[in-house]
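Colleague: Structure of the sequence below:
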Amino acid sequence: MTLIREKNLVNVLFVCTGNICRSPTAEGVFRKLVDDAGLGPRIGIDSAGTGAWHIGEAPDPRTVEAALARDFDLGAIRARKVSTDDFPDFDYVVAMDKTNQGELRGIAPNDMRAKVHLFLDFTETHKGEGVPDPYYGGEGGFEQVLDLVEDGARSLLAHIQNTDL
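Modeller: Residues are numbered from 1 along each chain as shown. Next comes the predicted model:
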């Protein structure tokens, strides 16, 4: 994704392990909330993974199916790996769990580590928690991810509206 810096533009990158379940879900949910709020031109959104296993792949079919059932379209998203080059371009590098957060802080340039946030820390009810990886679990895991991501995305958007726009 090419990000264009304009006045008041905020760029958000969601990061999980493989970029096929949690972070594309967060990207799709957040994009819809941002568009519904009329803020699409002011907030750039992308997702990536800490690993390179799935580069170029679409999100997991179970993720896509669960998201579509709630009217979130993940069809255009393709997996990519996060890199140190992402840090200057994004205002928020949002980790889906504490392992991802630690990996991101490990690759972030020293002066940009403050950009790394744990996704659910933006919520009132799930601070300090990670979004569980549904990849090896049952179908209910994808619904749980969506529940947590919808809460986190609403909270992150409210935070950005209150502090950055």
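Colleague: Determine how far the last residue of stretch 77-88 lies from the first.
Modeller: Start-to-end span of stretch 77-88 (C-alpha to C-alpha, to the nearest Å) is 22 Å.
Colleague: next one: stretch 92-106
Modeller: By C-alpha to C-alpha, the extent of stretch 92-106 from end to end equals 16 Å.
Colleague: got it, and stretch 86-98?
Modeller: OK, stretch 86-98 end separation, C-alpha to C-alpha: 19 Å.
Colleague: Count the residues that sit near the residue nearest to residue 155 when sequence neighbours are not counted.
Modeller: Leaving out its chain neighbours, the residue that sits closest to residue 155 by C-beta to C-beta, 6 or more residues apart in numbering is residue 122, at 4.0 Å. C-betas here are computed from N, CA, C, even on glycine. Around residue 122 there are 21 other residues, counting by other C-beta atoms under 10 Å.
Colleague: List phi and psi for residue 122.
Modeller: Dihedral pair for residue 122: phi -80, psi -10, per degrees, to the nearest 10.
Colleague: now swap in the one 4 residues further on and tell me
Modeller: When read as degrees, to the nearest 10, the backbone of residue 126 gives phi -130, psi 20.
Colleague: Would you mind listing the buried residues in the helix or strand hosting residue 23?
Modeller: Per DSSP states H and E: residue 23 is located in helix 22-36. Neighbour-count burial for helix 22-36, counted by 16 or more other C-beta atoms under 10 Å, picks out 22-34.
Colleague: what's the helix of greatest length in the chain in contact with?
Modeller: If you go by DSSP state H, the chain has its longest helix at helix 140-163. Contact partners of helix 140-163, identified using C-beta atoms under 8 Å, 6 or more residues apart in numbering, comprise 10, 12, 21-22, 25-26, 29-30, 33-34, 37, 39, 43, 62-63, 65-67, 70, 72, 92, 94, 119-120, 122-126, 129, 131-134.
Colleague: go with 6 Å
Modeller: With contact meaning C-beta atoms under 6 Å, 6 or more residues apart in numbering, helix 140-163 is reached by 10, 22, 25-26, 29-30, 33, 62, 66, 119-120, 122-123, 131, 134.
Colleague: Isn't residue 117 up against residue 96?
Modeller: No. The pair residue 117 / residue 96 is not scored as a contact, 10.6 Å apart, by C-beta atoms under 6 Å.
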